[in-house]
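Peer 1: let's see this in three dimensions:
(one chain, ligands or ions: 1)
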Amino acid sequence: MRSQSYNYKRIQCRRRRRLRAKLLFLLMEVLLFVVLLLFFKSVFVRKDPLKVAQQLDETEDYPEWIDVQFIDEGNPSRTGEELDGVNDIVIHYVGNPGTTAQQNRDFYNQAASDVCSHFVVGMDGEIIMCLPLNEKSEASNDRNHDTISIEVCHPDAEGKFTDASYQSLIKLVDWLMNTFDLDTDNVIRHYDVTGKECPLYYVRHEDAWEQFKEDL
Ligand SMILES: [Zn+2]
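Peer 2: Okay, the predicted model is just below:
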């Protein structure tokens, strides 16, 4: 009797050990599945750009090198309409040689203006932000509804950017590409939307545009 009950206990003990091992194995499988799921989601599923933009605008967590000076609400150039998405970044030149980023931003802020980009990059490399990232700009015609627009100042009529503007533009576009999960194929010129010669120098010099995309 004694040895029978001893055997029974041993069998019970072994069963419990096996059950524990099975449970542990199952738990590890579930964990592995969750980790893989999160990995694929982060690699293959793009963050919702509108949620990202909304969150940024709520927290105002912009890089410190961006000078935030939003256009007054109700101004004709700030419709307040929400973007449908962020699919491309459109580069422009201001077309007004020698003007500063501040002058262009202040121009947008007048009642007489109905144009406005999200950012203006100045000749000294300063970056002024004119609109929240979840609002439509008035700069890129048929693509206002799903793009972020950047105007760049330039010293003369040729439209070539200064070195300081160029470097700041790269920094800004890099930040936007990271923020919205975009790549260099998503960086386009106003010219690519309407055929307008904007940004002039980078339309007339295709090689300079290709170089810019390589520098990103
Ligand atoms: Zn343009």
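Peer 1: which parts of the chain are strands?
Peer 2: For the chain, applying DSSP state E gives strands covering 67-68, 88-93, 119-121, 127-129, 147-152, 187-189.
Peer 1: between these, which one is closest to the ion.
Peer 2: strand 88-93 (3.2 Å; CB to the ion). Backbone N, C-alpha and C define where each C-beta goes, glycine included.
Peer 1: helices of the chain, start to end?
Peer 2: Under the criterion DSSP state H, the chain contains helices at 2-44, 49-59, 101-108, 163-179, 190-194, 200-204, 206-215.
Peer 1: can you say which of those helices is nearest to the ion?
Peer 2: Taking CB to the ion as the criterion, helix 190-194 is the member of the helices of the chain that comes nearest to the ion, at 3.2 Å.
Peer 1: tell me if I'm right that Asp215 and Ile170 touch.
Peer 2: Yes. The criterion here is CB atoms under 8 Å, and Asp215 meets it with Ile170 at 5.7 Å.
Peer 1: and the closest residue to Val115 other than its chain neighbours, how many neighbours does it have?
Peer 2: By the measure of CB to CB, 6 or more residues apart in numbering, the closest residue to Val115 outside its immediate chain neighbours is Glu138, 5.1 Å from it. One way to gauge burial is a neighbour count; for Glu138, by other CB atoms under 10 Å, it gives 20.
Peer 1: per-residue confidence for Glu138?
Peer 2: At Glu138, the model reports a pLDDT of 95.
Peer 1: if we can go back for a sec, in JSON lines, list the strands of the chain along with distance to the ion, mean pLDDT and mean neighbour count.
Peer 2: Output for the strands of the chain, formatted as JSON lines (distance: least, CB to the ion, whole Å; pLDDT from 0 to 100; neighbours: other CB atoms under 10 Å):
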{"stretch": "strand 67-68", "distance to the ion": "21", "mean pLDDT": "98", "mean neighbour count": "14"}
{"stretch": "strand 88-93", "distance to the ion": "3", "mean pLDDT": "98", "mean neighbour count": "25"}
{"stretch": "strand 119-121", "distance to the ion": "12", "mean pLDDT": "98", "mean neighbour count": "29"}
{"stretch": "strand 127-129", "distance to the ion": "17", "mean pLDDT": "98", "mean neighbour count": "21"}
{"stretch": "strand 147-152", "distance to the ion": "7", "mean pLDDT": "98", "mean neighbour count": "27"}
{"stretch": "strand 187-189", "distance to the ion": "8", "mean pLDDT": "98", "mean neighbour count": "20"}
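Peer 1: mind putting these in TSV, distance to His205 included?
Peer 2: What follows is those, written out as TSV (distance: least, CB to CB, whole Å):
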stretch	distance to His205
strand 67-68	29
strand 88-93	12
strand 119-121	18
strand 127-129	23
strand 147-152	14
strand 187-189	12
